[in-house]
Every structure is written in structure tokens, then in C-alpha cells.
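S.K.: Need the 3D shape of this:
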Amino acid sequence: MATHQFQTEVSELLKLIIHSLYSNKDIFVREIVSNASDALDKLKYLTVSDENYKSVSFEPRIDILFDEKAKTLTIQDSGIGMNAEDLDNNLGTIARSGTKAFLEKLETEAKKDSSLIGQFGVGFYSAFMAAKKIDVITRKAGEKALYKWSSEGTSSYDVDELSLDSAEAKAYGFDSEDKHGSAIVMYLNDEDAEYASRWKLEELIKRYSDHIAFPIYLHYEQKSYDDKGKETGSESKVEKINSASALWKRSKSELKPEDYKDFYKTLSHDSSDPLMYVHTHAEGTQEYTTLFYVPERAPFDMYQADYKSGVKLYVKRVFITDDERELLPAYLRFVRGIIDSEDLPLNVSREILQQNRILTNIKSSSVKKLLSEFKKMAEKAEKAIKAQKDAGEGVEMSEENKKAVENWQKFVENYNRPMKEGLYSDFANRDEIAEIIRFKSTAPEGTGENNWTSFADYVQRMKPEQKAIYYITGNDEQNLRNSPLLEAYKNKGFEVLIMADEIDDIVIPGYGKYKDFELKAVNRAGSDEELGIDKKEAEKKEKEFKPVVEKIKNALGDKVKDVVLSKRLSESPSCIVVDENDPSLQMERMMKAMGQPTFGGGVKPILEVNGDHALVGKVKDTDDAAYIEDVANVLLDQALLVGGGEIADPADFVKRMNRLLTK
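M.R.: Now for the predicted structure:
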């Protein structure tokens, strides 16, 4: 027998599982059954695609056995099984970069939520919520060695190679060399003995695992009694307790919403209902079925480079892969579901998948269908809000409409940002995506509590003389709302979209135009052309303030690209913009964070000054070089602070400000 230490993250996880309060222990049964189904899926694929496994017997089944007196629960499958290396990799290590994020989230939850376990890919360990000890008896298909993995959920586990005449081998049928699979034996805690009962297990399988595509058999003793209630004997029974059919292949007309929701929980290891689902069966030149779900909350690894695909590929109901990112574009990586093709070859390789015309067509159609459904979600929510406004105050919104608004709000809050990536990366569908993504705005008429609005709604509210869609980018919504750059647009009655996602600086300039309306960033030079300034008056003012502008420009030197008299400021003394062809300050900061070189040693802003402000006026009336230098630098640093930039020398800024205050 060899004793091994758990990976550090596993030890931390087990401590949390064993010593913390969880909201729903039942999910450990779902997780272990789901793992058994995955093991069967993998072997089913290998027996039709790999010559080394074609002679391996495949009789798929999951057996559930329990002993009320001994308080044990066993879940056994006839799947791929594990060897010593697999046991170490699968049960001794969590090979996911998101483990630390998972542990941090568990530690910060006020009430530890066991629904997180499946989402973070550590489902096996959930059994320690109810078990004080777990044994795994397993043999890998096509191999002779039989192993026993054992742990009490502390800091270590034991792995032992078993002989075919051992008690464990005989108990679980592994005394025959052609028997393969895994038996998970859970020794239940006293307070969790209810899981070693027929009725509890039958109820849990019906609730969580009815749609597992392999038969699940429950083994139990059927007792008999006489007329006086005295037990007269018992008979061993084996009963199939799940439907064992691929739900996605069934007709939509025979499925209820609860069927879809239950299948989603099995598929995704999520205890929450999905926000939406879409089930499609296509026939014709290509025949395939898709069933897609959108989770209620964003997957934990959505912004990680090694995110796991949420879509499983089947061919004629044979599982092929759940690790192929090409099944859907990256911006839809939050989608969970199934693609089942009737036309792909069963032995399709990953290399062929990435170039396969059939799969390309399925992917294209699936994306269009999903975008169409997202748009319907938005329209349903907006229709509900309009109906509520039309009904007037005092009329309560219907439950159906409340749900529509709530679901759309959740979609936007969770998935608006990845959807924006599609605006940049999916040229074929960018117009459809542009109708789905939402933005904060300076206008009060948004969808829902958080004032979200669409390009389409913005255009409806545009002023008759307005020719462009205006937006401002940065990294803090509140700062952007208070930006001096908005002053003239507010005075003119022009709405400005507030874009505080760092990705906005990449995707929006790349999109460039919504229908006939150009998108203009107010924090770029030249975006003030539409503000209706009288040209003659502007030229007269520029001539008047030319000496002031020159003084400030000379004082700042190469700190700025230019200094100009502002047409957009009414209250603030200064603001910064960037040249039309330069990256924004936010973009430069992103590049620095990623270790990328900046453009020409850094972006130099253009300083706009307000000729009507007293601070600028004082420069006009003096030739004191030191005073002018202080004012010029304070005007720049103030504008940088408000504009989301960084002050090069905060101590110098404070000194200059103090000198000006004393004068």
C-alpha cells in the first residue's frame, strides 16, 4: 500500500467541505452519478474510434447499492475505469487553474453553497460532505491491474493494488479480468445515514439524474410481512429507476420546462435554473440536434485563458468531446449544452473537427439561433417595461413580465461584456450583436433599474440636428458621468453613452458605425464639430486667446501633444482628449498591464482649456513665468485626474496647488 499526500488545494478544499455548513448535501449523489455517466461516455467513444478498445466489452450501466445497517452507499459504473496514474491525476489533484478562485469564493460566502462544487469541476470531493471515508475500487478498460483508492478526507490518500481473489474484487465483480469500471464506496456519517435508503436514493435519481443516457439500477431488499405486520422474509430486487434516454433527441412537444431544467443541472453541475434554453432539430442536407442553455450566473472561468468549453459534442448519441472550443465562438463561451450530429464520422479527430465543413455549418446556424433568442429576451423585457409604463402607477407588473425583465437584467449584467467581444470578433454577425449589447447612458430612459440602453433606443432619442452617436470611455462609470467633457453635450441635449468596460476602447472604434450613424468618442479630438458653435465667433475667440494658449503650451512643453481653446467646456477649466489616431489613455494602461510596449513611449494628451474660466483668464493677464507654469501644470493634472489618467508627480501637483491657493 502506498500513501500519497493530497495536492495543497485539495486539502484546503476538503477542510472546507468537511467542516463547513452547506445548503444542499443532496448534490453529491448527482455529482458521483454524473461522473459515472462521463466514464461510460468516454468508453463508448473509444470502443468505436480506437482500435485498442474495439475488443473491450461495453455493457453500459450504473448500479447503486446501499446498506442501511453499515451505513454505506456504493455507486458503480462499467465505464473506462482508472489505473494508478489516473487515480493520482483525477482524485489526488485538481488540475484546474480556477481552484484558488473556487476556494476564495467558498471562504467568502456567508453560507457555504454546495452548488458551487460542480461548477468548479471538483464534484467527486462533494461526497465528503456526507461520507467520513471513501473507497474507490477500479480497473481501467483493457488493463489487468485492479486498484483501491482510499481516503478519510484528511491530508492523504492510499492506493493499493488488489488481487483478483481479494474481498473487494469479489464484492464488486472485479474478480474477472474482463470487468472494468469504478465502484465508489461511501461510508456515511451518522447524521447522513438517510442516503442509505431506497426512497431517498430513488427520489434523488429521479430529480437529478433521470435523463442520464445510461440505465441506472437501484439494488434493494424487498421485505415481506404477515397480516400482523411481522417480517417474514426479504427478496433482493434490482430496479431501473431512470428514463435512460437522450433528452435532446426527444420531441419538444413531449418535454416540459422542468425536464429541460433538470437536464441542465445534470449537464452543467449547476443547482440554479438556467436563464433560458433553446432546443433545435435540423433536417435536410444536414441533420443535427442542439440544446443550448444560458446559466443564471457567469461561469467562474469565463475570463480565464484556459476556460473550459461548456458544450458537449455527440455523433449519433455517442459522446465525442467536451473540450473543443471551436464548437461555438469564444464570445459565447458562457453557453452550456449539446450538439449531436448525424453526419459526422464517429472516429472524427480533433484536427478534423477544426476544419470540418459540417461542423462549421452547425456552428454558424447555432450562433444565429442563439443571437435570435437573446434578441427575443430583450424584446420581451422591453415590451414588459413599456406595458408597465402604459398601465400607470399603482398597477402591479405581472409575474411573467417581472420574470422577463429580471432574466434580461441578469443576462446583461453577466454577459454584456463577452457579447461585446463578438462585436469585434464576429464580423458576420456584428449587426445582430449590436442589437443585443447594452450600455449605460446619460439619458434617464434605460431598460431596468440600472439604466441600460441599446443603440436602437439611443437613435430613437436623438435630436433632429444630431448626426452621430456619442460615447465616452474610461474605467469608472461615476467619473465618466461627471466628466467635464460632457458639459457641452448636456447643454445641447445630446445623449452620451457611458462605456466603462476596458474592452470598449477596443470594440467600439472597431465597429465604427451603427446603421447610418457614426460612433464618436467625446474624449477624442474633433468630436465637438456638431455642437453648433458659430464659426465666426469661434475664430474670433481663438484669435483672442491665442497668446494664452501659447503661454500654457510653452509652459507644458512635451508633456502634451497640443493645447487648444475648448468648444465643449462651460464650467470646468480644462479637459484632456487624445488625437483621433492615438490610442486612448485606457488602452495605453491596458497595454502596460499586459506587458505590451506603449506607442512611442506613451500617449501624449491634447489639453483643452476653457477661455471663460477665471483660472485661464488669470494667465491672460500676467507674464509671471512661474505663475503661468503652476497654472498650466495644475490645469493638466486636474484634467488627467478627471479623465482617468495618471499624474506623473503627485507631490509636485500638491506643491503647485498650494502655491496657487496662497496667491
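S.K.: Going by C-alpha atoms from here, please, whenever you check contacts or count neighbours.
M.R.: Will do.
S.K.: Residue ranges in this structure under the pLDDT threshold?
M.R.: Applying pLDDT under 70 to the chain picks out residues 17-23, 94-122, 347-354, 445-450, 530, 532-534, 583, 585-602.
S.K.: remind me, longest helix of it?
M.R.: Looking across the chain with DSSP state H, the single longest helix is helix 357-391.
S.K.: Which strands or helices does the helix or strand following that helix pack on?
M.R.: Following helix 357-391 in sequence order, the next helix or strand is helix 399-425 (DSSP states H and E). Applying 3 or more CA pairs under 8 Å, 6 or more residues apart in numbering; DSSP states H and E, one finds that helix 399-425 contacts helix 357-391, helix 430-434, helix 504-511.
S.K.: quick check: angle from the first one to helix 399-425?
M.R.: I take that to be helix 357-391. Helix 357-391 and helix 399-425 are oriented at 130 degrees to each other (axes from the mean of the first three to the mean of the last three CA atoms, to 10 degrees).
S.K.: Equivalent analysis for the last one, please.
M.R.: Taking the same axes, to 10 degrees, one finds that helix 504-511 is oriented at 70 degrees with respect to helix 399-425.
S.K.: just how off-centre is stretch 322-332 within its chain?
M.R.: 13 Å (CA atoms, centre = their mean, to the nearest Å).
S.K.: and the end-to-end length of it?
M.R.: Using CA to CA, to the nearest Å, one end of stretch 322-332 lies 15 Å from the other.
S.K.: residues in contact with it?
M.R.: Residues outside stretch 322-332 that contact it (CA atoms under 8 Å, 6 or more residues apart in numbering) are 308-313, 350, 354, 359, 363, 366-367, 418-422.
S.K.: Generate a ChimeraX selection restricted to the buried entries among those.
M.R.: The following ChimeraX line selects those of those that are buried, judged by 16 or more other CA atoms under 10 Å:
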select :308,309,310,311,312,313,359,363,366,367,418,419,420,421,422
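S.K.: can you count the residues close to residue 298?
M.R.: When counting by other CA atoms under 10 Å, one arrives at 17 neighbours for residue 298.
S.K.: nope, residue 548 is what I was after
M.R.: Neighbours of residue 548 (other CA under 10 Å): 25.
S.K.: That one touches residue 619, doesn't it?
M.R.: Yes. Between residue 548 and residue 619 there is a contact at 6.3 Å, judged by CA atoms under 8 Å.
S.K.: Then residue 66 would be within a helix, right?
M.R.: No. Residue state for residue 66 (DSSP: H, G, I helix; E, B strand; the rest coil) corresponds to strand; a helix is not indicated.
S.K.: Who are the contact partners of residue 236?
M.R.: 219, 220, 221, 222.
S.K.: Would you reformat the helices and strands packed on helix 399-425 as CSV and include distance to residue 84?
M.R.: Formatted as CSV, the helices and strands packed on helix 399-425 follow (distance: least, CA to CA, whole Å):
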stretch, distance to residue 84
helix 357-391, 36
helix 430-434, 48
helix 504-511, 48
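S.K.: Figure out which of those is closest to residue 47.
M.R.: In terms of CA to CA, the element of these nearest to residue 47 is helix 357-391, at 22.6 Å.
S.K.: Give me the buried stretch members for the closest one, please.
M.R.: Neighbour count says helix 357-391 has 358-360, 362-363, 366-367, 369-371, 374-375, 377-382, 384-385, 388 buried, by 16+ other CA under 10 Å.
S.K.: any chance you could map the strands in the stretch 51-200 of the chain?
M.R.: 62-67, 72-77, 131-139, 146-151, 156-162, 181-188 (DSSP state E, counting those that start in this stretch).
S.K.: Go through these and name the closest to residue 641.
M.R.: Judged by CA to CA, the one of the strands of the stretch 51-200 of the chain that comes nearest to residue 641 is strand 156-162, at 53.5 Å.
S.K.: and that closest one, C-alpha only, in PDB?
M.R.: Only the C-alpha atoms of strand 156-162 are listed here, as PDB (Å, rounded to 0.1, in the frame of the first residue of the first chain):
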ATOM      1  CA  SER A 156      -3.600  12.000   2.400                       C
ATOM      2  CA  TYR A 157      -4.900   9.000   0.500                       C
ATOM      3  CA  ASP A 158      -3.800   5.400   0.000                       C
ATOM      4  CA  VAL A 159      -3.500   3.500  -3.300                       C
ATOM      5  CA  ASP A 160      -3.200  -0.300  -3.200                       C
ATOM      6  CA  GLU A 161      -3.100  -2.900  -6.000                       C
ATOM      7  CA  LEU A 162      -5.700  -5.700  -5.300                       C
END
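S.K.: Show me how far the longest helix of the chain is from its chain's centre.
M.R.: Centre-to-centre, helix 357-391 and its host chain are 18 Å apart (CA atoms, centre = their mean).
S.K.: how about the nearest residue to residue 341 once chain neighbours are set aside, phi and psi?
M.R.: Excluding the flanking residues, the one nearest residue 341 by CA to CA, 6 or more residues apart in numbering is residue 288, at 4.3 Å. Phi and psi for residue 288, reported as degrees, to the nearest 10, are phi -160, psi 160.
S.K.: Please shift the residue numbers so they start at 828 in all later answers.
M.R.: Sure, I'll start counting at 828 from here, so that last one is residue 1115.
S.K.: Residue 1303 versus residue 1115, what's the distance?
M.R.: Note on residue 1115: its distance to residue 1303, by CA to CA, is 45 Å.
S.K.: ok, the two, which is more surrounded?
M.R.: Set residue 1115 next to residue 1303 and count neighbours by other CA under 10 Å: residue 1115 wins out with 22 against 15.
S.K.: beta partners of the more buried one?
M.R.: Beta-bridge partners for residue 1115, by DSSP bridges, are residue 1109, residue 1168.
S.K.: Would you map the strands across the stretch 1278-1427 of the chain?
M.R.: 1279-1280, 1295-1300, 1323-1326, 1340-1341, 1344-1348, 1389-1392, 1401-1404.
S.K.: Buried deepest among those, which one?
M.R.: Ranked by mean neighbour count, those are led by strand 1401-1404 with a mean of 27 (mean count of other CA atoms under 10 Å).
S.K.: For that strand, which outside residues touch it?
M.R.: Contacts with strand 1401-1404, where a contact means CA under 8 Å, 6+ apart, come from 1311-1312, 1349-1352, 1393, 1396, 1432-1437, 1462-1463, 1465-1467, 1469-1470.
S.K.: got the CA positions of that strand in PDB?
M.R.: Extracted in PDB, the C-alpha atoms of strand 1401-1404 (Å, rounded to 0.1, in the frame of the first residue of the first chain):
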ATOM      1  CA  SER A1401      -9.800  72.200 -18.600                       C
ATOM      2  CA  CYS A1402     -10.100  68.700 -20.000                       C
ATOM      3  CA  ILE A1403      -8.000  66.300 -22.000                       C
ATOM      4  CA  VAL A1404      -8.700  64.400 -25.200                       C
END
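S.K.: Quick check: closest non-adjacent residue to residue 838.
M.R.: The shortest distance from residue 838 to any residue other than its chain neighbours is 5.6 Å, reached at residue 982 (CA to CA, 6+ apart).
S.K.: ok, that neighbour - contacts?
M.R.: By CA under 8 Å, 6+ apart, the residues touching residue 982 are 832, 833, 838.
S.K.: That'll do, ta.
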